[in-house]
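Participant: Provide a 3D model corresponding to the input given below.
(2 chains)
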Amino acid sequence: MEQDWIFGLLGGLLIGTGGAIFLLANGRIMGASGIIGGLVDGSGHSDAAERLVFLAGVAALPVLLMPLFGSVDTHVTDNIPVLIAAGLLVGFGTRLANGCTSGHGVCGMSRLSLRGIIASVTYILAGGIGVIIFRHLLGVI
Amino acid sequence: MRLIFALIAGGFFGAGLFISGMTDTRKVQGWLDVFGDWDPTLAFVMGGAMLPMAVAWMITKRRSSALLGTSFPPKPPTRIDRSLIAGSVMFGMGWGLVGLCPGPVIASLSYGGGSLYIFLAAMLAGMALLPVVRSRLDRTVAAE
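Facilitator: Numbering: from 1, shown residues only, chains lettered A, B, ... in the order given. Predicted coordinates for the structure are as follows:
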């Protein structure tokens, strides 16, 4: 557990390098919700191939790395109503706010974007309050 | 060329999410759970990710266009509106409930199991729902 932060930092540097490549080579902001959402609602129709290839890379690398690092248990809940409610909130909320942890968080805060900072503070506070309510008060998660 | 760089960028993103442990929902919820057994990992991930990105943003200021000829993203808008706040509150609640945000959902597609697919389906539905709700709201406002 003590070395978790080293892997966190290393993984973070890789995430940021991916974002830097996408920005400097393709001129695009690496925001997961925007890339996925543009495919879902058709607004990203003109560069759909670029989006799909990017997502393929995101999904593929863990498969390639698994033999080296061992598999990760995602510990995702099997509570179906909670999964559906949370999925809807994440999907709808990230599109309404126009960004998530990667777009507003990694890409927005690193350019000192006011919207990125405000959004990140807001979703982190909401997430923290959510955990307090649903874990400590209601005990559903 | 755009596709090759998109694949490489996506690969780095996926590798980083995997290695950092951000596809483990327990670590994410552990970070949000300040009154429980607090897990600081996410702060290191976010900090680590912002370093190369900050350098990249500085480079964009010295260049007129991206490597592949397209222009860089415009300056970010500064408007703080209800959509930004309400959307972020909703996202944060969902993120706290299950510990998943859009990037890690894609990164763990191959090993997240059935629960992940249920979450993914609901997330895509939520994304599809927004333009529908928005156009309906716009029509209501226009009618008033």
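Participant: Go through chain B and flag its longest helix.
Facilitator: When every helix of chain B is counted residue by residue (DSSP state H), the longest turns out to be helix B:113-143.
Participant: for that one, packing partners?
Facilitator: helix A:32-40, helix A:80-97, helix B:102-107 (3 or more C-beta pairs under 8 Å, 6 or more residues apart in numbering or on different chains; DSSP states H and E). Just so you know, the C-beta spots here come from the backbone N, C-alpha and C atoms, and that holds for glycine as well.
Participant: chain center to the helix or strand bottoming out on mean pLDDT in chain B: distance?
Facilitator: Across the helices and strands of chain B, mean confidence by mean pLDDT, DSSP states H and E is lowest for helix B:113-143: a mean of 92. Taking C-alpha atoms, centre = their mean, to the nearest Å, the mean C-alpha location of helix B:113-143 is offset from the chain mean by 16 Å.
Participant: Can you give me the end-to-end span of stretch B:100-110?
Facilitator: Stretch B:100-110 stretches 15 Å from its first residue to its last (C-alpha to C-alpha, to the nearest Å).
Participant: pLDDT score for residue 108?
Facilitator: No chain specified, so I'll use chain A. At A:G108 the predicted local confidence, pLDDT, stands at 97.
Participant: please go with chain B instead
Facilitator: The per-residue confidence score, pLDDT, reads 97 for B:S108.
Participant: For burial, what's the neighbour tally of the closest residue to it other than its chain neighbours?
Facilitator: Counting by C-beta to C-beta, 6 or more residues apart in numbering or on different chains, B:T23 is the residue found nearest to B:S108 once chain neighbours are left out, at 4.0 Å. By the other C-beta atoms under 10 Å in any protein chain shown criterion, the neighbourhood of B:T23 contains 30 residues.
Participant: for the one 10 residues further on, same thing?
Facilitator: Close neighbours of B:D33, defined as other C-beta under 10 Å, add up to 22.
Participant: before we move on, what about the one 10 residues further on?
Facilitator: A total of 14 residues lie near B:A43 under the criterion other C-beta under 10 Å.
Participant: Now do the contacts for it.
Facilitator: Under the criterion of C-beta atoms under 8 Å, 6 or more residues apart in numbering or on different chains, the contact list for B:A43 reads A:8, B:31.
Participant: does it sit in a helix or strand, and which one?
Facilitator: Of the helices and strands defined by DSSP states H and E, B:A43 is found in helix B:41-62.
Participant: and the residue nearest to B:G112 when sequence neighbours are not counted, how many neighbours does it have?
Facilitator: Take B:G112 and drop its neighbours on the chain: the residue closest to it by C-beta to C-beta, 6+ apart is A:T74, 5.0 Å away. By the measure other C-beta under 10 Å, the count of residues near A:T74 is 22.
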